[in-house]
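Undergrad: What follows is a predicted structure for the sequence shown.
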Amino acid sequence: MAGQTYMGIPREEIPWYPIIDADLCTNCNACMNFCTNDVFAQGEFTTIVSNPYNCVVGCNACVHECPSGAIIFPDKKEFVKILQELREKYKSLV
Ligand code: SF4
Ligand code: SF4
């Protein structure tokens with residue numbers, strides 16, 4: 001979904017997407033089956049995040065689907081600060 005924006009901010013500048021802890025991932029594919037946005041894919045050894053910017057900003061639903069606690073998202077408070085800074089940066093372009 002290259003070229004997409006969120007609140008006028010290029011999606012690729014927004015650091016909101018899952019990270020998989022490969023040490024915890026059991027390759028069960030629950031996340032891949034759950035997310036309809038094509039964010040996850042089967043890697044060589046574990047499931048991987050293949051399309052991070054397809055993740056819906058603010059969604060962390062797949063965290064609750066992972067039986068191993070292997071999916072990590074940014075801290076929401078920290079993320080809100082980053083988003084506010086980005087909104088300020090792109091304000092004049094909206
Ligand atoms: S947070 Fe939502 S959109 Fe993002 S990868 Fe997980 S289920 Fe998909
Ligand atoms: S749900 Fe968790 S354990 Fe299963 S493939 Fe995804 S990250 Fe790995």
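TA: Yep, that arrived. Numbers count the residues shown, from 1 in each chain. Ligands and ions are numbered 1, 2, ... in the order given.
Undergrad: element containing the residue sitting nearest the centre point of the chain, please.
TA: Nearest to the mean C-alpha position of the chain, counting by CA atoms, centre = their mean, stands Tyr17 at 1.4 Å. Counting by DSSP states H and E, no helix or strand carries Tyr17.
Undergrad: I'd say it and Val56 touch.
TA: No - at 9.7 Å, Tyr17 does not count as touching Val56 under the criterion of CB atoms under 8 Å. Any C-beta I mention is one placed from the backbone N, CA and C, and that applies to glycine too.
Undergrad: list the helices and strands the longest helix along the chain packs on?
TA: Using DSSP state H, we find that the single longest helix of the chain is helix 76-90. Identification of packing neighbours for helix 76-90 by 3 or more CB pairs under 8 Å, 6 or more residues apart in numbering; DSSP states H and E yields strand 9-10.
Undergrad: Note down every partner strand of the strand it packs on and its orientation.
TA: Strand 9-10 sits in its sheet next to strand 5-6 (antiparallel), going by DSSP bridges.
Undergrad: what about the partner strand, near ligand 1?
TA: No - against ligand 1, strand 5-6 shows no contacts by CB under 6 Å from any ligand atom, the least distance being 12.5 Å.
Undergrad: which residues sit against that strand?
TA: Residues outside strand 5-6 that contact it (CB atoms under 8 Å, 6 or more residues apart in numbering): 11, 14, 57.
Undergrad: again, but for stretch 20-39
TA: 17-18, 40-42, 45-52, 54-56, 61-62, 65-72.
Undergrad: which of the residues you listed are close to ligand 1?
TA: Among those, ligand 1 is touched by 18, 55-56, 61-62 when using CB under 6 Å from any ligand atom.
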